[in-house]
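> I'd like to go over a predicted model; first the sequence, then the structure.
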Amino acid sequence: MHKLLVSLAVLSAVSAAGTTCKTGNVVNRLVSGRPYYFPATWNETMPAPELAKEQTCSWTVTIPQGYYARLIIDGTVRDKDSRFQIIDSVGNFIQTTHEEMDPYFFPPTKFTLAVSNEGVATFGFQIQWIAHNNTEMDFAFVGSLDHDLNVTSSVFCEGLGGAEGISLLAFPQNRKHPYSLRSTLVYEAAPNQQIGNFINNLYEMYLTKKQWISNVPSIVICNLEVSNNTDFLVVQSSVHTKNLNYVELVTVPGTKYNATVNSEKKLSALISASYYNQTMTDIQMDATSVISLYYGTPSGFTFDKNYTATEMKSALPMEYPGGAYTVQWVLNSGKAVFTFQA
């Protein structure tokens with residue numbers, strides 16, 4: 001009886017200290033098709049499991065062709081020197097200290113997950129390998145008109161081509177936590193208009209706060225999971241946008257809000273892709289500047305009018321109904337501060 005009590009005490013101490021792990025783990029898709037869990041006794045319906053202090057661990061996860069991997073992490077590190085780390089196949093290096101099971105998505109052939117902690121932490125993860133038929137898709141040529149998508153509303157693949165390349169600008173519904181954009185993957189298009197090399201996911205592109213322009217004429221966009229968000233993607237031909245610096249108009253319903261555009265060094269434009277009705281109530285701009293208004297891609301097909309500073313002031317207030325289309329104000333020189341109300 002005494003030995004049994006000692007054994008139980010030791011087991012209890014190990015459990016209280018948390019899970020341990022090691023570096024160099026390789027995780028392949030399970031033959032059963034079931035998800036992989038760490039620790040094996042945990043699942044996503046349970047609280048995040050304790051991770052023992054002073055752990056350094058890594059997992060290389062392989063992804064076979066015809067599948068993608070979906071990763072969720074639940075955990076928190078509690079000291080300034082600890083991190084969760086992810087490296088994907090194109091070298092995106094992601095470091096976080098807190099995860100709440102917002103999913104990550106990875107195409108073939110692998111990604112790496114690591115954790116390094118000084119103090120006690122919580123850490124558990126699940127990996128699913130999900131079959132993906134990416135060979136059937138529509139193909140759209142993008143010219144003088146923009147091609148706009150509610151990009152996370154369905155599971156799809158679509159090919160997009162332009163004369164030189166494709167410009168992408170994302171407008172996530174949740175700008176503070178735009179994690180739903182992770183499910184949208186962007187690839188080069190192969191000569192047969194099928195999927196080529198993986199480029200990046202839309203979330204990483206959005207974090208740059210710049211339009212992304214392809215180096216090849218055609219790309220393929222695949223969204224892998226439906227979200228409850230309205231995530232708007234503006235797709236344009238880079239022929240019309242490559243010389244522009246974009247400023248996103250962030251609509252704030254029920255209040256007044258400003259946006260500043262600076263064309264002193266590079267031609268810049270304010271762009272709106274809002275589902276809310278909004279009204280321009282004021283503008284401050286240089287007397288010699290001109291604003292060109294476009295309803296869509298800045299091309300001859302969507303051009304509305306040129307406005308001097310005096311003409312803009314006289315035209316106020318200017319109303320813009322919400323909907324699935326873009327409005328762009330291109331400032332030819334100087335600075336301008338736009339004021340809106342929604």
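All right, it came through fine.
> how long is stretch 23-43 from one end to the other?
One end of stretch 23-43 to the other measures 22 Å (C-alpha to C-alpha, to the nearest Å).
> for the record, mean pLDDT for that stretch?
When pLDDT is averaged along stretch 23-43, the result is 98.
> do stretch 158-172 as well
Stretch 158-172 shows a mean pLDDT of 96.
> And it, end to end?
End-to-end for stretch 158-172, by C-alpha to C-alpha: 19 Å.
> List the buried residues for it?
Under the neighbour-count criterion of 16 or more other C-beta atoms under 10 Å, stretch 158-172 has 158-162, 165-172 buried. In short, each C-beta sits where N, CA and C put it, glycine included.
> do the same with stretch 302-311
Buried residues in stretch 302-311 (16+ other C-beta under 10 Å): 302, 307, 309.
> hmm, back to that, ok, of the buried residues of stretch 158-172, which one's closest to residue 317?
Comparing those against residue 317 with C-beta to C-beta places residue 171 closest, at 23.4 Å.
> what's the closest one in contact with, if anything?
Applying C-beta atoms under 8 Å, 6 or more residues apart in numbering to residue 171 gives the contacts 231-234, 248, 273-274.
> which residues of the stretch 201-342 of the chain score low on pLDDT?
By pLDDT under 70, the weakly predicted segments of the stretch 201-342 of the chain are 324.
> now the helices: where do they sit in it?
202-207, 238-241, 309-315 (DSSP state H, counting those that start in this stretch).
> Would you format the ones you listed as CSV with distance to residue 143 included?
Shown next, in CSV, are those (distance: least, C-beta to C-beta, whole Å):
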stretch, distance to residue 143
helix 202-207, 22
helix 238-241, 8
helix 309-315, 29
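> Check the ones you listed for me and report the most buried one.
Ranked by mean neighbour count under mean count of other C-beta atoms under 10 Å, the helices of the stretch 201-342 of the chain are led by helix 238-241, which reaches a mean of 23.
> what packs against that helix?
strand 166-171 (3 or more C-beta pairs under 8 Å, 6 or more residues apart in numbering; DSSP states H and E).
> and the strand it packs on, which strands flank it?
If you go by DSSP bridges, strand 166-171 pairs up with strand 212-213 (antiparallel), strand 232-237 (antiparallel).
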